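Quick one, what's the 3D model for this:
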Amino acid sequence: MSDRFRCPCRRCTIRSLMGPAILITVGVLFLLAQTRGGYFSFENTFPVILIVIGLVSLASALAPMDGHVSDAYAPVPPPGTPSAVQNPPPNPLPGQGQGQ
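Got it, this is the predicted structure:
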């Protein structure tokens, strides 16, 4: 398993909705083009994608960063605390940068 976790702040949560919002918008635009045709063709409605991107970006910029984790990896314990792995086993095969 990966040791990555999601940042719990609102800004990162809203920013993670960018992909699904664009995908849903494109799907709705193609659905309108198929059902209504004419004025609702994709050529006339593609600026809606730019509006959705702008709205999600604006919402994430205005959202508070309370509890933001600057690095998306698990925090490293401070020195001197016991950890599950104190010293990893030595590599049996010498590699680049290791002595022969």
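
From now on I want contacts and neighbour counts done on CA atoms only, so please keep to that.
Fine.

Test my guess that V26 contacts P47.
No: with contact defined as Cα atoms under 8 Å, V26 does not reach P47; the gap is 10.6 Å.

What is the neighbour count of R10?
19 (other Cα atoms under 10 Å).

Now do the contacts for it.
Contacts for R10 (Cα atoms under 8 Å, 6 or more residues apart in numbering) come out as S60, A63, P64, M65, D66.

The first one contacts R11, correct?
Yes: proximity of S60 to R11 meets the contact threshold set by Cα under 8 Å, at 4.7 Å.

Tell me how many other residues surround the residue lying closest to F30 once chain neighbours are set aside.
In this structure, F30 finds its nearest non-sequential neighbour in F42, 6.4 Å apart by Cα to Cα, 6 or more residues apart in numbering. Close neighbours of F42, defined as other Cα under 10 Å, add up to 18.

okay but F42 is in contact with L29, surely?
Yes: counting by Cα under 8 Å, L29 is a contact partner of F42 at 6.2 Å.

Quick check: the gap between the residue nearest to F30 and L55.
According to Cα to Cα, to the nearest Å, F42 stands 20 Å off from L55.

Okay, now the unreliable bits of the protein?
1-5, 71-77, 81-100 (pLDDT under 70).
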